[in-house]
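[1] what's the 3D shape of this:
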Amino acid sequence: MSATKLTRREQRAQAQHFIDTLEGSAFPNSKRIYITGTHPGVRVPMREIQLSPTLIGGSKEQPRVRRKRSDSGLRHLRPVWRSADCH
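    Sure thing, here's the model as predicted:
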């Protein structure tokens with residue numbers, strides 16, 4: 001194998017190109033949903049995940065839809081909500 005070694009500059013350029021062309025992809029068997037709360041204008045994001053049948057004790061059980069809270073990005077809004085609840 002006679003591959004030429006890349007310089008640090010070339011390695012950085014390749015890494016930057018990789019980062020620039022990177023694309024996100026959705027989670028398989030899931031979708032983003034929003035649940036309406038008690039505060040007007042507040043919708044809570046959740047991820048609805050469809051599970052596959054699971055073999056338990058020799059028989060397959062049908063999956064149930066599970067909802068998972070997505071709390072990321074809400075930290076700065078919580079103090080406002082809490083102070084509104086106190087008044």
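[2] Every contact and neighbour count from this point should use C-alpha atoms.
    Fine.
[3] low-scoring stretches of this structure, by residue?
    Across the chain, residues meeting the criterion (pLDDT under 70) sit at 1-2, 64-78, 80-87.
[4] where do the helices sit along it?
    Secondary structure of the chain (DSSP state H): helices at 8-21, 78-86.
[5] quick one, what contacts Y34?
    43-46 (C-alpha atoms under 8 Å, 6 or more residues apart in numbering).
[6] bridging residues for M46?
    Taking DSSP bridges as the rule, M46 bridges to I33, R69.
[7] Among the contacts of Y34, which one lies nearest to P28?
    M46 (14.8 Å; C-alpha to C-alpha).
[8] what's the neighbour count on that closest one?
    17 (other C-alpha atoms under 10 Å).
[9] That one reaches T36, doesn't it?
    No. Using C-alpha atoms under 8 Å, M46 is not in contact with T36; the gap is 10.8 Å.
[10] surely K31 meets P45?
    No. Counting by C-alpha under 8 Å, P45 is not a contact partner of K31; they are 10.5 Å apart.
[11] who's more crowded, those two?
    Taking other C-alpha under 10 Å, K31 and P45 do not tie; P45 has more neighbours (18 against 13).
[12] Could you find the closest non-adjacent residue to the more buried one?
    Y34 (4.5 Å; C-alpha to C-alpha, 6 or more residues apart in numbering).
[13] That neighbour and G41: what is the separation?
    Distance of Y34 to G41, computed by C-alpha to C-alpha, to the nearest Å: 11 Å.
[14] What sits closest to L55 if chain neighbours are left out?
    E61 (6.5 Å).
[15] Please report the number of neighbouring residues for that neighbour.
    Neighbours of E61 (other C-alpha under 10 Å): 12.
[16] which residues does it bridge with?
    T54.
[17] For it, give its distance to Q16.
    46 Å.
[18] just T38 next, same as before
    Distance from T38 to Q16, by C-alpha to C-alpha: 45 Å.
[19] who has more neighbours, those two?
    Q16 (12 against 7).
[20] check contacts around the closest residue to V42 other than its chain neighbours.
    Sequence neighbours aside, T36 is the residue nearest to V42 in space, at 6.4 Å (criterion: C-alpha to C-alpha, 6+ apart). Applying C-alpha under 8 Å, 6+ apart to T36 gives the contacts 42-44.
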